[in-house]
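> Based on what follows, work out the 3D shape:
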Amino acid sequence: MEFIESYMKFSFLNEESFHIEKSSFVSDNESVKVCEAIVLINGKLSMIEAKSSSPRPGNKEDFDTYISEIGQKFIDTLLFYNATILERHGLEYKEEYPEKIKNQNPQSLDYSIYLIVHGNKSEWMPPIQDALRNHLRHILRAWNISDVNVKALNHELAQEKGLIKQYLPTSILKEIKSKGAKDQTLINQVEQWFSSNN
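Here you go, the predicted structure:
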């Protein structure tokens, strides 16, 4: 499975990943907000959310809203995944998962949570990580998920850890945006850059 999100290219084995944001359940239920993808990494079901920017922690109102919205995506993803695995919605949505993800035992499965922010400096990420852990603390306790399994990384660290295959250099992104490229034009230019720089 490959997809581009927030100017980063993700690439995972098809049998170990699912683009959950594109699932029919999410299409059928607009109130459910999920992360980009779920992927089996080192025996854990990893929930991955990608962003192209973040407000500074000093901008409290915007920062709190940002963390709250991202946190809700991880919570909804966790609940949706387990609800479908336990067939609370019948078999329809469960059948969309690849076999390895579909056949996980929810009683013994461990989870990891990754927020990846393109363009941020690495030193900007610890306050975001701390805020996200604090926001999710109730759900982490309820599901017995360790705080250390919640990670906020920038694009460079994410690539080092193998979570993303490639990222658009910020200098190129600034150049594209400076030309006034927006919406579909920007998307086309970004996709063209990735396809020519494999």
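> Going toward the C-terminus from the longest helix that the chain contains, what's the next helix or strand?
Looking across the chain with DSSP state H, the single longest helix is helix 60-85. Next in sequence after helix 60-85, counting helices and strands by DSSP states H and E, comes helix 99-102.
> Give me the buried positions along that following helix.
By neighbour count with 16 or more other C-beta atoms under 10 Å, helix 99-102 contains the buried residues Ile101. The C-beta positions use only the backbone N, C-alpha and C, and glycine is treated the same way.
> Would you mind listing the outside residues contacting that helix?
Residues from elsewhere that reach helix 99-102, judged by C-beta atoms under 8 Å, 6 or more residues apart in numbering: 15-18, 38, 40, 45, 85, 94-95.
> Could you pull up the residues touching the residue lying farthest from the centre of the chain?
In terms of distance from the mean C-alpha position of the chain, Lys179 ranks first, at 28.8 Å (C-alpha atoms, centre = their mean). Lys179 is in contact with no residue at all, counting by C-beta under 8 Å, 6+ apart.
> OK, contacts around Glu96?
18, 23-25.
> how about these in a markdown table, adding distance to Gly71 and neighbour count?
As requested, the contacts of Glu96 are exported to a markdown table (distance: C-beta to C-beta, whole Å; neighbours: other C-beta atoms under 10 Å):
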| residue | distance to Gly71 | neighbour count |
| --- | --- | --- |
| Phe18 | 21 | 23 |
| Ser23 | 20 | 20 |
| Ser24 | 24 | 11 |
| Phe25 | 20 | 17 |
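> Just the closest of those to Leu140, please.
Leu140 has its nearest neighbour among the contacts of Glu96 in Phe18, at 22.2 Å by C-beta to C-beta.
> is it true that the closest one touches Leu40?
No - using C-beta atoms under 8 Å, Phe18 makes no contact with Leu40, being 9.5 Å away.
> and the longest helix of the chain, what does it pack onto?
helix 24-28, strand 44-51, strand 110-117, helix 125-142 (3 or more C-beta pairs under 8 Å, 6 or more residues apart in numbering; DSSP states H and E).
> what angle sits between it and strand 110-117?
Put simply, helix 60-85 runs at 140 degrees to strand 110-117, going by axes from the mean of the first three to the mean of the last three C-alpha atoms, to 10 degrees.
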